[in-house]
Every structure is written in structure tokens, then in C-alpha cells.
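[1] just to be clear, the model below is a prediction. Sequence and coordinates:
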Amino acid sequence: MNSTLPSDVIGRRVEVNGEHATVRFSGIVPPVAGPWLGVEWDNPERGKHDGSHEGTVYFKCRHPTAGSFIRPNKVNFGVDFLTAIKNRYVLEDEPKEEQTEQIVIIGNKPVETIGFDSVIKQQSQLSKLQDVSLRNCAVNGAGDQGGIAKACPNIRSIDLSKNLLSSWEEVIDIANQLKHLEVLNLSENRLTFPSSSPSPTGAFSTLKVLVLNRTGITWAEVLCCASGWPVLEKLYLESNNIVISERPTDVLQTVKLLDLSSNQSIDENQLFLIAYLPRLEQLILSDIGISSIHFPDAGIGCKTSMFPSLQYLVLNDNRIAQWSFMNELDKLQSLHALSCTRNPLTEGSKDAQTTRQFIIARIGQLRTLNKCAVEPEERRGAELDYRKAFGNEWKKAGGHQDPEKNRPNEEFLAAHPRYQALCLTLKIKYPNQLDQKVIEKQLPESMTVQKVKGLLSRLLKVPVSELLLSYESPKMPGKEIELENDLQSLQFYSVENGDCLLVRW
């Protein structure tokens, strides 16, 4: 513990018996003599009051029981980065060697050294470090200027979570000395951040991954600091009570992954403020309390211009209870993977397999659901079961196998926007068999050419191997398109409702 107080003690992060706190007061607290520190605990249950004593307010806390008065000699103010590195890594797994004497020449004079081998070995160890973990090592700052750059020039990844860093400036002082830094984890450091964009320093010019979970950062502070992250690809902001207050315009344009989990104040309107980040591929929204979403720029069966690059969306532990949420997700242009476990929609009394099938059927481009691949055969089965489950409802709403009579009402289309696309009504002609009557068949768009041939083989009593398929569309009069790959689906060949299937043998 520290016997002397730092000059800038107010606002410093400290550790006491394993608990972390922030110093809010330093001075005398009558009637007890001697110096005291007033601290605000990270864990409000650890304290006894709100910073008041016998009617006098010495400091203020966000929670009525987060404050305590502590004697300075009970408080750990931590160590600098380089000291923590040496404590953690230097010769930690090797037995202590006996000190050896060595004669070296400095200038023209021989000088006797003790422990020279050990010093060389330590320097060699530190200079080779690339991935560093200093979690919960009481790091409070950079230390002597230039010391980190000299001792550990090759560090690329640092875990500095749960330390005693107090401000973003202290982080910059460390990062400024690490020219190859790509990954930085600052979780569980209660940092103060600048309210306006800090001057460019180049401290984070190579940084690709930044973890700021449980740091107390606000969205405005994220945008202020983000100008210093020119190549950032992954940003983690879990559990910060974030409210997305404005659209990022000139910042965060390189971010591919954004984690906003456990920020309970985020709603769909706030999400629209980040909807045009051009490279955003993964969005993690677990435990934000969301229950609905609607993309106002896209009607039924259309794609939204929002989240143009989004491929993977995580919605675990939310309040999603309506199928309309899944219908809206089908509007995302690039969505291929979805995780949505522990929601009322997926955890209700319904059979889990049926729920999975309905999600697959409603989101046409989905390739992975809850970390399990959606194989083509599963998709075909899911879409077939979906059509069967709501077929009667479709007919009652005005649906019909004849394209000219097929007019389901708006209520049905809003509840099942993909149903129409799953049911292709096709005319089937036989150009070489004029005595065969033209018929109409309803086929799922996901049905493969091979499956269509199998159906026609049974219908016509002709071996599959002898059948040749093509189709023509009213949109392209006079043009015939061959269905040459048996493993591809009708959708792959852009077969649409009302097209004509041509069968030869």
C-alpha cells in the first residue's frame, strides 16, 4: 500500500482488498484526526453512505451506499505499465539464477558487473513480447516517458482489463509507445473520456480491435475518440448504458463488428442511426431489450437500404415475441447468419424444430441459424412445411393457384410476405408432344431441377434420365432458358410466378 499520496489523487482509481473504487475526496473528516480518502466503490454494496458524514457533504456518489472513508495507507494506487510487465513476464517461470560477475569494457576501462546475464535475458524477453495479458494487475499509467517503447517495442495485443487506469489520456500515453498495437482490451476500467475530439496523436494508427466493455463510455464520447481510430475493425461496447444519440458521419467507417450488448436503452430508432455504416458486417445486440423493428424504406417483398453489408446479427436474450420481427429481417440485403436464442418467440410452448423451420422459411437468404448451418435440404423442407401450415389461411385470404385469380389480402401479405414467393404457379408444356394437355403446377422456388424431373417422371411415366427442361418467361418473349444443372433450384434460374416450363424427352 502507498505511504505517500499522489499529488493528483482526486479522480484516481484505487484498489482496496480486491475491490475497485474512485477517489472523490482527500482531507480531514472531523472529529477523527488524520487524513482520509473518500472513495466511490464500483460495487455500491461495498460502501456505507453517499459521501456525507454527520450532515456534511464531502463528496457525491451515484448510489446512496457507494461511498466510504478509507485511510490512505489501506489504499493501493497501483503500478506503471512497465513495472506490471516485469512483474508478470520477466523470468516468471524460471528458477532464480545465481548472480555472476562479468568484466566488460566501457570506454577504455574494464568494469566489473554483477547479474549482467540476467539483465540481458530480461531485456531479450521483453523485446520479444507480442501478446500481453495484464488483467487485474493494478496498472495505473504509462510510467517513465519512452520506457515502454524501449523495453517492449513489438507488442501487438494487450489485455488491460480491470486495472486502475483513470483516463483516456493515460491510455494514449501507453499506446503512443506501441507502434504495432492492433488489439486493446480496456474493459472494467472506469475511465474519464474527453468531451471533444482529442488532438491527433497517431497512438492508435494500427489498432484494429478495441474492447471498451463496462468502462462507462457514452456514445458521444465514442464519436469524439473515434477520429483517432482510422483502421478500427471491431468495437466492443457492452454494458455501458449507451444511448445512440447521433449518426456517425466521418468516423467508424471501417468498423466491421459492433457489439452493443447489454445496453438496455437502445431501441430500433437508435439503431437506424448506425444503419449506414458502410462496412458493418456483424452486429451484436444481445440483451438490449428490443422487441420490434421495422424498416420504413422497404415495403412487402422489398429490400431495405439500411445495414447494406450486415451479414451476421445476434439478438439473443431479448423480448422478441412476434413473427413480424423475422419478416422484417428478410428485408436486409446481406443477412446470412442469425442468432436469436432465449426470446419469447423461440422459448415459448411451440416445438423448437417448428420454430426453427418457420424462421428459415421467413428469411430467404439465411445460411446459419443459432450457429447451425441451414443446409439446402433443410431449407426445402422448412419452406414446404411453411406452405402446408399456412396454405388454408392463404386460400381463405384470396390466394389461388391461377395467377390471374391469385389476390391474397393485405393482412395475409403483411403476416406472410414470403409466402407468395415460395409458391410458383407454372404452366407446363410439352413442345414435342402436342397431344399432351398443358397443365399448371405449384412448385416451391427452392425445389431443385432434379426434384422437378422426379415429379414429372412420375406424372408422365418417362425415365428421369430422358427429360430435358427449360423455361420461358413473359418478360423475355421468344427466349428459352435451359435448366441444365440438376442440383440448382428454380430460384437460381430466376423462374417466377406465371412462367412456362418446357418439357422434352
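    Done, it's in.
[2] number of nearby residues for Val314?
    20 (other C-beta atoms under 10 Å). (C-beta placed from N, C-alpha, C; glycine too.)
[3] how much space between it and Ala321?
    Val314 is 18 Å from Ala321, where distance means C-beta to C-beta, to the nearest Å.
[4] and the helices in the stretch 151-300 of the chain, which stretches?
    168-175, 219-225, 268-271 (DSSP state H, counting those that start in this stretch).
[5] no wait, the chain
    In the chain, the segments counted as helices under DSSP state H are 81-89, 116-128, 147-151, 168-175, 219-225, 268-271, 323-329, 344-347, 352-362, 376-396, 410-415, 419-422, 449-460.
[6] for the fifth one, give the mean pLDDT please.
    In this model, helix 219-225 carries a mean pLDDT of 95.
[7] and that helix, what does it pack against?
    Packed against helix 219-225, as judged by 3 or more C-beta pairs under 8 Å, 6 or more residues apart in numbering; DSSP states H and E, are no other helices or strands.
[8] only alpha carbons, please: show it as CSV.
    Provided in CSV are the C-alpha atoms of helix 219-225 (Å, rounded to 0.1, in the frame of the first residue of the first chain):
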residue,chain,number,x,y,z
TRP,A,219,-22.0,7.3,-27.4
ALA,A,220,-20.9,11.0,-27.7
GLU,A,221,-17.5,10.1,-26.2
VAL,A,222,-17.2,7.1,-28.6
LEU,A,223,-17.7,9.5,-31.6
CYS,A,224,-15.2,12.0,-30.1
CYS,A,225,-12.5,9.5,-29.7
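[9] quick one: residues in contact with that helix.
    Identification of contacts with helix 219-225 by C-beta atoms under 8 Å, 6 or more residues apart in numbering yields 168, 193-198, 212, 235, 237, 242-246, 248, 251-252.
[10] any of those residues buried? List them.
    Trp168, Phe193, Leu212, Leu235, Leu237, Ile242, Ile244, Pro248, Val251, Leu252 (16 or more other C-beta atoms under 10 Å).
[11] could you measure from the first one over to Leu384?
    Remark: distance between Trp168 and Leu384 (C-beta to C-beta) = 56 Å.
[12] re earlier: pipe the buried ones among the contacts of helix 219-225 into TSV and attach pLDDT and distance to Val75 per row.
    What follows is those, written out as TSV (pLDDT from 0 to 100; distance: C-beta to C-beta, whole Å):
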residue	pLDDT	distance to Val75
Trp168	95	23
Phe193	92	24
Leu212	98	26
Leu235	98	33
Leu237	98	30
Ile242	96	31
Ile244	97	37
Pro248	95	39
Val251	96	38
Leu252	97	38
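[13] so which of these are in strands?
    The members of the buried ones among the contacts of helix 219-225 that map onto strands under DSSP state E are Leu235.
[14] for the buried ones among the contacts of helix 219-225, work out which two are farthest apart.
    Maximum pairwise distance in the buried ones among the contacts of helix 219-225, criterion C-beta to C-beta, is 20.0 Å, between Trp168 and Ile244.
[15] can you pull out the strands in the stretch 201-350 of the chain?
    209-211, 234-236, 257-259, 282-284, 312-314, 337-339 (DSSP state E, counting those that start in this stretch).
[16] give me the residues contacting the last one.
    It stands for strand 337-339. 311-316, 329, 359, 363, 366-371.
[17] list only those of the residues you listed flagged as buried.
    Gln311, Tyr312, Leu313, Val314, Leu315, Asn316, Leu329, Ile359, Ile363, Leu366, Arg367, Leu369.
[18] can you show me the CA trace of stretch 496-503 as CSV?
    Output in CSV follows, covering the C-alpha atoms of stretch 496-503 (Å, rounded to 0.1, in the frame of the first residue of the first chain):
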residue,chain,number,x,y,z
GLU,A,496,-41.0,-16.6,-61.5
ASN,A,497,-44.7,-17.0,-60.9
GLY,A,498,-46.6,-17.4,-64.2
ASP,A,499,-43.5,-18.6,-66.2
CYS,A,500,-43.9,-21.7,-68.5
LEU,A,501,-41.9,-24.8,-68.0
LEU,A,502,-41.0,-26.6,-71.2
VAL,A,503,-40.5,-30.4,-71.0
